[in-house]
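Trainee: let's see this in three dimensions:
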Amino acid sequence: MVSRNRSTCGVRPYIRATCNPDADSWVADFISWWIDPESGRPIPERAGVLRYFVRIAEKIVWADRPEELMEDLLRGQQLPPGIDPPLPMSVTFIPATVSDNPALLRVNPEYLTWLLSLPTLERERLLAGNWKIRPAAGLYFKREWCAVVDEAPADLDIVCYWDLAATEKTEFNDPDWTVGVKLGRDRSRGYWLLDVVRARANPGDVEQLLLNTATQDGKRVTIGFGQDPGQAGKSQAQHLVRALSGFTMRPATESGDKLTRFGPFSTQCRANNVKIRRGSWNEELFRVLEGFPDLAHDDEVDACSGALEMLNPQMKGWALYELYRAQDEAAAARNKPQPVQSVPQPGSVEWSEAQKQKG
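Mentor: Coordinates of the predicted model:
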C-alpha cells in the first residue's frame, strides 16, 4: 500500500486500517509499543501518540521525534535541487472496543451479550482487545463449568458422534483414539453429556465397537461420524452405513480448524448449559478437554464438537462468534449510509484520467 500511496490532488496521502487482535500477526509486533506486555491490553496514556520509524537492513527503527531518524532516512539518497527532505513515516495506534460504537449497539444491543458469551480466548481478543493472549490449556474448558449429575431426563434428543481412528496400540506407536460421545438435548436446549467410549483398535474392531454401542443405545440414538475428504473417506462412510444398516447413520464432512469447531461446545460449557452424567470416564474426559489444545491427542474434543453440530445443523462449520460477526456485518451494511460521489479536483491524476475517458 505504501508504494502506491501518492497523489497530486492536494490531499495529503495517509493509510488508515482496522483489525482484531492477533498475537501471532506482524501487526502485534508493529504496535507493541502501545500494548502492555503483561496484560496484552492497550496502554491508555499511549493511545493516539505519534511515533516515527524507518527501515534499516530489514529492521524497523523507532523514535519519538522525526529529527532522531533524519540521518538514517536519507542515507545514500540524493534529492533533486529544491526538494525539501521528507519526514520519516509517522504511526499511531488508537484502540477501540464495542463501547466506542454506540450507533452499532443501538441497532444491535445484544451484540455485547454475544461477545460476553464467547470462550476466554475470543472474549479477550474481541471484547477486551488483548494482543498477547494465545490458545492455551484451560482456556476452552474447565470442569467446574459443568455439573456432574447422577440422572438425566428421559425425553432427550440424543446423538452419538464418533471421531474415528483405526490403529492398534503397540510398544512402538502412540496412535489416536476412536472416541464416541453420546450427547443429549432437552426441551429447554440444555445439553447432557451421557457417555464416552474410547478405544485404540484396528478397523474391524472399530466397526464392531460402533455396532455394539449402537445396539446398546437403541434405535432412538442417531449415530454420526467424521468423514474424511476424498474417495477413501466416501468409501469408508458407505461401508459403515451398510454395516450398521439397522440404525440411523449420518456421516459428516468436518471443516474448519479444531479451535473454531470446539468454540460452540466451549461456549455452552462456560454458560453452565452442559451437564455430565457421572461415570468412570469422567476424569479422562476432563483431562483431555482441560488440556486442549496442548495435548498430543484431543479426540474427545473433536467428538464433542461433532455431537453438538449434529444436534444443531445450522452451526455446522461455524464457531458462534463467527456467526454473530456475520450477522453483525450484514446489519451494519444495511444501515450504512450510501457513499458520497467525490469529484476529482482539476489538474489531479484522477481528473486527467476522467478527461481521457470522456474524450
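Trainee: which residues in the stretch 151-300 of the chain form strands?
Mentor: 157-163, 178-185, 191-199, 222-227, 249-253, 274-277 (DSSP state E, counting those that start in this stretch).
Trainee: between those, which one is nearest to Ile83?
Mentor: Among the strands of the stretch 151-300 of the chain, the nearest to Ile83 by Cβ to Cβ is strand 249-253 (60.6 Å). C-betas here are computed from N, CA, C, even on glycine.
Trainee: strand partners (parallel or antiparallel) of that closest one?
Mentor: strand 222-227 (parallel) (DSSP bridges).
Trainee: for Asp298, give me its contacts.
Mentor: Residues in contact with Asp298 (Cβ atoms under 8 Å, 6 or more residues apart in numbering) are Lys258, Val288, Gly291, Phe292.
Trainee: show the pLDDT at the nearest residue to Ile31 once chain neighbours are set aside.
Mentor: Excluding the flanking residues, the one nearest Ile31 by Cβ to Cβ, 6 or more residues apart in numbering is Phe93, at 4.6 Å. Looking at Phe93, its pLDDT reads 96.
Trainee: hmm, Phe93 is touching Pro42, no?
Mentor: Yes. The criterion here is Cβ atoms under 8 Å, and Phe93 meets it with Pro42 at 7.3 Å.
Trainee: now do the shared contacts for the two.
Mentor: Joint contacts of Phe93 and Pro42 (Cβ under 8 Å, 6+ apart) are Trp34.
Trainee: who has more neighbours, those two?
Mentor: Pro42 (22 against 19; other Cβ atoms under 10 Å).
Trainee: chain neighbours aside, what residue packs nearest to that one?
Mentor: Pro42 sits nearest to Pro95 (Cβ to Cβ, 6+ apart), 3.7 Å away.
Trainee: for this protein, give me the ranges with low pLDDT.
Mentor: 74-79, 315-353, 355-359 (pLDDT under 70).
Trainee: could you list the domains of it?
Mentor: 2-100, 138-327 (automatic domain parsing).
Trainee: turn the ones you listed into TSV, columns for distance to Pro109.
Mentor: Output for these, formatted as TSV (distance: least, Cβ to Cβ, whole Å):
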stretch	distance to Pro109
domain 2-100	10
domain 138-327	13
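Trainee: most neighbours per residue, which of those?
Mentor: Ranked by mean neighbour count, these are led by domain 138-327 with a mean of 17 (mean count of other Cβ atoms under 10 Å).
Trainee: chain center to that domain, what's the gap?
Mentor: 20 Å (Cα atoms, centre = their mean, to the nearest Å).
Trainee: what's the answer for stretch 58-69, then?
Mentor: Per Cα atoms, centre = their mean, the centroid offset for stretch 58-69 relative to its chain is 35 Å.
Trainee: alpha carbons of that stretch, as PDB, please.
Mentor: The C-alpha coordinates for stretch 58-69 follow below in PDB (Å, rounded to 0.1, in the frame of the first residue of the first chain):
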ATOM      1  CA  GLU A  58      15.100  -5.100   7.100                       C
ATOM      2  CA  LYS A  59      14.800  -3.900  10.700                       C
ATOM      3  CA  ILE A  60      12.300  -1.200  11.800                       C
ATOM      4  CA  VAL A  61      13.900   1.500  14.000                       C
ATOM      5  CA  TRP A  62      11.500   3.700  16.000                       C
ATOM      6  CA  ALA A  63      11.800   7.100  17.500                       C
ATOM      7  CA  ASP A  64       9.600   9.600  19.400                       C
ATOM      8  CA  ARG A  65      10.700  12.600  17.200                       C
ATOM      9  CA  PRO A  66      11.300  12.600  13.400                       C
ATOM     10  CA  GLU A  67      14.600  14.500  13.900                       C
ATOM     11  CA  GLU A  68      16.100  11.500  15.500                       C
ATOM     12  CA  LEU A  69      15.700   9.500  12.300                       C
END
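Trainee: now do it: everything it contacts.
Mentor: Outside stretch 58-69, the residues within contact range by Cβ under 8 Å, 6+ apart are Phe30, Trp33, Arg51, Tyr52, Phe53, Val54, Arg55, Asp72, Leu87, Pro88, Ser90.
Trainee: tell me the one of the residues you listed nearest Met310?
Mentor: Phe30 (42.3 Å).
Trainee: in contact with the closest one, which residues?
Mentor: Shown in contact with Phe30 (Cβ under 8 Å, 6+ apart): Ile60, Val91.
Trainee: the one 10 residues further on too?
Mentor: Contact criterion Cβ under 8 Å, 6+ apart gives Pro21, Ala23, Glu124, Asn130, Trp131, Lys132, Ile133 as the residues in contact with Gly40.
Trainee: spatially nearest residue to it, not counting backbone neighbours?
Mentor: Lys132 (2.8 Å).
Trainee: give me the secondary structure label for the one you found.
Mentor: coil (DSSP: H, G, I helix; E, B strand; the rest coil).
Trainee: would you agree it is in contact with Asp29?
Mentor: No. Using Cβ under 8 Å, Lys132 makes no contact with Asp29, being 11.6 Å away.
Trainee: Serialize the strands of the stretch 151-300 of the chain to TSV and add fields for distance to Glu283.
Mentor: Output for the strands of the stretch 151-300 of the chain, formatted as TSV (distance: least, Cβ to Cβ, whole Å):
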stretch	distance to Glu283
strand 157-163	19
strand 178-185	15
strand 191-199	11
strand 222-227	25
strand 249-253	28
strand 274-277	11
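Trainee: which of the contacts of Gly40 tops the neighbour count?
Mentor: Neighbour counts for those, by other Cβ under 10 Å, peak at Trp131, which reaches 27 neighbours.
Trainee: Gly82: what's it in contact with?
Mentor: Taking Cβ under 8 Å, 6+ apart as the definition, Gly82 has no contacts.
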